Structure formats: C-alpha cells, structure tokens
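Q: build the 3D model from these lines:
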Amino acid sequence: MKLHVLRPLWVAIGLVGLILVSRQFLVPDDFGVHGRNFTYGYHRLSNIQEWKDFPVKHRGREFCVECHEENVSKLNASVHAPVECENCHGPAVNHPDDQENLVLDTTRGLCLRCHAWLDYPNSARGDLVSIEDKRHRRRRECIECHNPHDPREEEE
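A: Numbers count the residues shown, from 1 in each chain. The predicted structure is shown next:
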C-alpha cells in the first residue's frame with residue numbers, strides 16, 4: 001500500500017490502543033455490570049454508598065411551615081401551591097443555623113424559568129400563565145407587582 005494510506009491507518013490504530021491502555025488506569029475497578037437496576041446495567045458499586053453518605057439539602061415544605069406558617073398557608077392557597085419553597089429560596093440544608101445559605105432569588109430570570117412564553121409547538125404548560133418577556137414590563141422585577149406567595153396582581 002501507499003504511505004498516504006498507511007500513515008492514517010497507523011495513527012488510528014495507535015489512538016485506539018492509547019484509549020484501551022488509558023482505560024485500564026482511569027476506569028475504577030468496581031465499575032461494571034451489577035444488575036439491571038441502573039442505566040444500561042453499568043455503575044460503580046462504591047457510588048451507592050457515596051450517595052447514601054451525601055447530605056440532604058432540600059427539606060421540603062413541612063420543614064418551612066414550623067417557622068413560616070403564614071407564608072406557607074398563603075402559598076398553599078395560591079396558584080403557586082405545586083411549587084416547593086426551595087425552588088425559589090434555595091436548599092434549606094443548614095437553615096435556620098446558617099442564614100446566609102438560604103438566599104432569596106428575586107430576579108426576573110427565576111420567574112421566567114416557569115413563566116416564559118415559548119414560541120414553538122406544544123409549549124403550553126397547563127395552567128401556568130406564560131408571559132412574553134419582551135413585552136411584559138421589561139424593565140421591572142416581577143416582585144414589584146406580584147407577591148410570590150400569592151401571585152395575583154397587586155396594586156402599585
């Protein structure tokens with residue numbers, strides 16, 4: 001064969017060999033097929049214990065109601081009832097001990113994660129009110145007019 005055909009062939013064979021050799025060093029020993037309960041049956045056995053040891057960060061609405069009963073009752077009576085507190089307030093992992101950890105995101109972008117109107121087929125999200133970001137009070141934050149715990153329009 002000509003050299004212009006052999007050179008790329010040797011490069012390809014070398015790359016495949018390099019991948020196979022490096023795989024021996026990079027893939028953990030406990031990775032493999034360990035039952036059909038994981039994606040494609042492949043996972044690392046030590047990963048199960050790692051996830052069991054991982055600290056819980058989200059505590060749920062039941063944790064919030066102990067101190068914030070008024071806000072939780074407003075939220076439960078509003079259209080935002082399906083939204084968990086931590087979707088807006090962040091994970092309550094060390095709250096109330098670590099107050100800085102639970103920062104409230106009041107930006108317009110947070111609301112638009114659910115309420116943005118998307119111009120493509122099947123983009124309707126059921127009962128969610130979708131807004132067109134370019135038209136709906138573009139220069140203002142949502143909380144200037146809407147209380148997230150009871151999002152009906154408020155008087156300005």
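Q: ok, Cys111 to Asn87 distance?
A: Separation of Cys111 from Asn87 (Cβ to Cβ, to the nearest Å): 11 Å. No exception for glycine: its C-beta is placed from N, CA and C like everyone else's.
Q: quick one: which of those two has more around it?
A: Neighbour comparison, Cys111 and Asn87: the larger count goes to Cys111, with 20 against 15 (by other Cβ atoms under 10 Å).
Q: what's near enough to touch that one?
A: Cys142, Pro148 (Cβ atoms under 8 Å, 6 or more residues apart in numbering).
Q: buried sites along the strand or helix carrying it?
A: Per DSSP states H and E: Cys111 is located in helix 108-115. For helix 108-115, the neighbour count (16 or more other Cβ atoms under 10 Å) marks Arg108, Leu110, Cys111, His115 as buried.
Q: quick one: mean pLDDT over it.
A: Average pLDDT, helix 108-115: 78.
Q: and stretch 46-59, by the same measure?
A: 82.
Q: what does stretch 82-101 give?
A: On average, stretch 82-101 scores 76.
Q: then stretch 149-156?
A: The predicted model assigns stretch 149-156 a mean pLDDT of 63.
Q: check stretch 131-141 too.
A: Here the average pLDDT along stretch 131-141 is 70.
Q: please, which helix or strand holds the most centrally placed residue in the chain?
A: The C-alpha lying nearest the average C-alpha coordinate of the chain belongs to Asn87 (Cα atoms, centre = their mean; 9.4 Å). Assigned by DSSP H and E, Asn87 belongs to helix 85-89.
Q: pull out the buried positions in that helix.
A: Result for helix 85-89 [16+ other Cβ under 10 Å]: buried residues Cys85, Glu86, Cys88, His89.
Q: can I get those in a markdown table including distance to Cys67?
A: Putting the buried residues of helix 85-89 into a markdown table (distance: Cβ to Cβ, whole Å) gives the following:
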| residue | distance to Cys67 |
| --- | --- |
| Cys85 | 11 |
| Glu86 | 14 |
| Cys88 | 16 |
| His89 | 12 |
